[in-house]
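>>> The following block contains a protein sequence and its predicted model.
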Amino acid sequence: MYEDFYGLAHAPFEMTPDPSMLYLGETHREGLATLLYAVQSGKGFVVLTGEVGTGKTTLLHALLAQLDAETPSAFIFNPRLEPLDFFRMVFEDLGIEETCRNKAEYLLALNEYLIDCMRKGRRAMLIVDEAQNLSAEMLEEVRLLSNLETSTSKLVQIMLVGQPELGEMLDRSELRQLKQRISLRHHLRPFDARELDQYVNERLRLAGHVGKDIFKRSARRELLACTQGIPRLINVVCDAALLSGYARGQSTVGGDVIREVADDLHLRPVASAAGVEGANRGRSRLGWLGYLFR
């Protein structure tokens, strides 16, 4: 609706993980490098965590786009499953056409498939998204999959992806066997002020924008304060702000528009942008403080 008014070819802040609109902040570049290294080196178990909306799914799409198209992969996005249903979904994604009646038959068939992949020079990949929702029973099933190996190599690369609660789960004493098998971890943090600027500029550029800035400095300060640098919230607020600016006939968006949009969305800004950056720097020690809703 507002694209022509702002000279845009298409909406710059859509919610879908469009690869043509990809922007990777420093933490995302580090995360992608970690995941690629894990896959290429056959590290076995890798954990990726991040708060809701920080771009975990976007990062996974970026990873899959950089892998060989023939890399066999299973993407489990609903981990609230019983063991046999879990294996059925894995087999469906990997294209294993084998009818199995119990877990033993699934494991035998999977082992045979993975060995065949290894002979062809490929290593299968299993990605479990929203892994913080896995039951202790299912986490144990996933751990047992890491036993599928040859004398020199793991047969399957396993990635557990989830919210910060996943890291807390893995620190439990009863899951220490699984924790000991994790070779790499990465936590996605929200954007700081510099990354937020770059993110907004890049999304606008990729949408065809040229000329003076649409978002004023005051708008960017308010944007950081009310979204705390979370990419998904940045998209939501920016999209609504552009619509509001269009409705008012404003060629630029100021801090007042961002505040109104944030109020409509029930987002409560922190005291200052500096406070957001301090929180971002401290999250590794203090944990996620959460963006606050009214």
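Nice, thanks for sending it over.
>>> Without its sequence neighbours, what residue ends up closest to residue 178?
Spatial nearest neighbour of residue 178, chain neighbours left out: residue 143 (4.4 Å); criterion: C-beta to C-beta, 6 or more residues apart in numbering. (Each C-beta comes from the backbone N, C-alpha and C, glycine too.)
>>> And that neighbour, how close does it get to residue 23?
Using C-beta to C-beta, to the nearest Å, residue 143 is found at 35 Å from residue 23.
>>> ditto for residue 113
37 Å.
>>> Thought residue 139 was touching residue 174, still the case?
No. If you go by C-beta atoms under 8 Å, residue 174 and residue 139 don't touch, sitting 9.5 Å apart.
>>> Let's verify residue 187: helix, strand, or coil?
strand (DSSP: H, G, I helix; E, B strand; the rest coil).
>>> coming back round to it: what's the next secondary structure element after the helix or strand that contains the residue nearest to residue 178?
Assigned by DSSP states H and E, residue 143 belongs to helix 136-145. Next helix or strand after helix 136-145 toward the C-terminus (DSSP H and E): strand 156-162.
>>> any idea how far residue 198 is from residue 247?
To residue 247, residue 198 is 28 Å away according to C-beta to C-beta.
>>> go on, residue 60?
36 Å.
>>> more crowded one of these two?
residue 60 (22 against 11; other C-beta atoms under 10 Å).
>>> mind listing what the more buried one touches?
With contacts defined as C-beta atoms under 8 Å, 6 or more residues apart in numbering, residue 60 is in contact with 48, 75, 127, 129, 159, 161.
>>> let's see it at 10 Å
Contacts for residue 60 (C-beta atoms under 10 Å, 6 or more residues apart in numbering) come out as 17, 31-32, 35, 48, 73, 75, 77, 127, 129, 159, 161.
>>> and what of residue 97?
91, 109.
>>> what's the helix holding residue 143 in contact with?
By C-beta under 10 Å, 6+ apart, helix 136-145 touches 44-45, 76, 79-84, 86-87, 90, 103, 107, 110-111, 114, 126, 128, 131, 134-135, 154-156, 158, 160, 166, 169-170, 172, 174-175, 177-181.
>>> Can you get me a residue count around the residue lying closest to residue 21 once chain neighbours are set aside?
Of all residues beyond its chain neighbours, the one nearest residue 21 is residue 206 (5.3 Å), with distances taken as C-beta to C-beta, 6+ apart. Other residues within reach of residue 206, judged by other C-beta under 10 Å, total 17.
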